[in-house]
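J.: I need the structure of the sequence given here:
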Amino acid sequence: MTYARVRSKQTLVIRAAIRKLSSERTGALHQHTKTHIHVGDLQSGPTADIRLSAPAERQLPQRSRSSTAQYLGTQGDNAKEVEEDSVPVLRSYTDTAEHWTESSSMLRPRMETKLTRTLDVRRHSIRSKPSQELTEQGRMLAAKSAESLSHVDQVLVSELGRGANTAIAMGYKVSRSIPGLGDIDGALIEQISWPSPLSYIAEACRENEQCRAFAEAQRMHWQHGIERLPEATNTLLISHGGIMELGLIGCVPDEDFAAIGDVFAYCEGFRLSFCNEVWSLEHTYRVDHDLRIVNTD
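T.: This next block holds a predicted model:
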């Protein structure tokens, strides 16, 4: 970062600052170097900060005197003409502005970039009730559904064995199990009338405090599960019918659930992104119609 502080009403000082910043026609800008221009006894007036950001050792372009005549400031007499060679093109900067407006790609505001964590939520596969073991059809369905996953950095499951067995059938090793991912009261399942469409369950959450509390609790389980990982990582979470729908509603309560349609069948699910403490629904995943089973007796 090269920096100069000048009195904005003094054209002479602006030119002196630019000459000092561009002492050589092809001189390089060095990051983290500060240059201060002392105004001395010049008359007082509002001050402006000139900030030029460029990678280390980047060469300044050569420009003619006419093409580099630009203006700093936008208010009447505060406009200042710059007629120096070898300077980046600046469009405007006011005494009260917080950011540059620039026409040169060399001048870009430094912004903190937040990368996104993603969460793939899938319902467990078909099992032989009351056993936690998957059926042969269930193992085949899990393996097929895994083809839709690009990469997985960790795998989270509930304490119910069918979740871990689904992850294994998909070809993944379980990272850890989280209490609460598989626990739901039977009365709550009745209140949301699972497997009713998602729009009905969302309406039940708006009207029923117990449903809202469970949806919020599930959201927090999911959020705590991915916060340990670095940014730009993906987590696979094996969930359960009724629970995953409520968790989705807890994360994105304003989503158009009527457009999403039915609840999630075995091995179906969705992808969420999490950035700056905000959840977003990226897409849903459905299995082929001839493989789709919502529930087994």
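
J.: Could you list the low-confidence segments of the stretch 101-250 of the chain?
T.: For the stretch 101-250 of the chain, the stretches flagged by pLDDT under 70 are 101-114.

J.: where do the helices sit along it?
T.: Using DSSP state H, counting those that start in this stretch, the helices found in the stretch 101-250 of the chain span residues 136-145, 161-169, 186-191, 198-207, 209-227, 243-251.

J.: how about the strands in the protein?
T.: With DSSP state E, the ranges of strands along the chain come out as 2-7, 28-29, 47-52, 58-59, 70-72, 80-82, 90-92, 101-102, 117-123, 154-157, 176-177, 234-239, 269-275, 278-285.

J.: Sheet-wise, list the partners of the last one with their directions.
T.: By that I understand strand 278-285. Within its sheet, strand 278-285 is paired with strand 269-275 (antiparallel), according to DSSP bridges.

J.: pLDDT averaged over the strand it pairs with - what is it?
T.: Confidence for strand 269-275, expressed as mean pLDDT, is 96.

J.: That one: which residues count as buried?
T.: 269-272, 274 (16 or more other Cβ atoms under 10 Å). For the C-beta atoms, the positions are set from N, CA and C on the backbone; glycine is no exception.

J.: What of stretch 142-159?
T.: 142, 144-146, 149, 152, 154-158.

J.: do stretch 200-207 as well
T.: Quick answer for stretch 200-207 (16+ other Cβ under 10 Å): 200-205.

J.: Could you do stretch 180-190 as well?
T.: 181-182, 184, 188.

J.: Give me the distance between the two termini of it.
T.: 19 Å (Cα to Cα, to the nearest Å).

J.: What of stretch 239-248?
T.: Note: stretch 239-248 ends 11 Å apart using Cα to Cα.

J.: Stretch 283-291 now?
T.: One end of stretch 283-291 to the other measures 20 Å (Cα to Cα).

J.: mean confidence for that stretch?
T.: 94.

J.: Other residues contacting that stretch?
T.: For stretch 283-291, the surrounding residues in contact (Cβ atoms under 8 Å, 6 or more residues apart in numbering) are 120, 122, 141, 144-145, 148, 260, 264-271, 292.

J.: rewinding a little: which of the buried residues of strand 269-275 lies at the shortest distance from T135?
T.: Nearest to T135 among the buried residues of strand 269-275: G269, at 19.3 Å, using Cβ to Cβ.

J.: check contacts around the closest one.
T.: G269 makes contact with 120-123, 239, 244, 284-285 under the criterion Cβ under 8 Å, 6+ apart.

J.: how about 6 Å then?
T.: The contact partners of G269, by Cβ atoms under 6 Å, 6 or more residues apart in numbering, come to 121-123, 285.

J.: How about it: what's its closest non-neighbour residue?
T.: Leaving out its chain neighbours, the residue that sits closest to G269 by Cβ to Cβ, 6 or more residues apart in numbering is R122, at 3.8 Å.

J.: same question, R292
T.: Sequence neighbours aside, A265 is the residue nearest to R292 in space, at 4.6 Å (criterion: Cβ to Cβ, 6+ apart).

J.: My read is that that neighbour contacts N295, right?
T.: No: under the criterion of Cβ atoms under 6 Å, A265 makes no contact with N295, lying 8.3 Å away.
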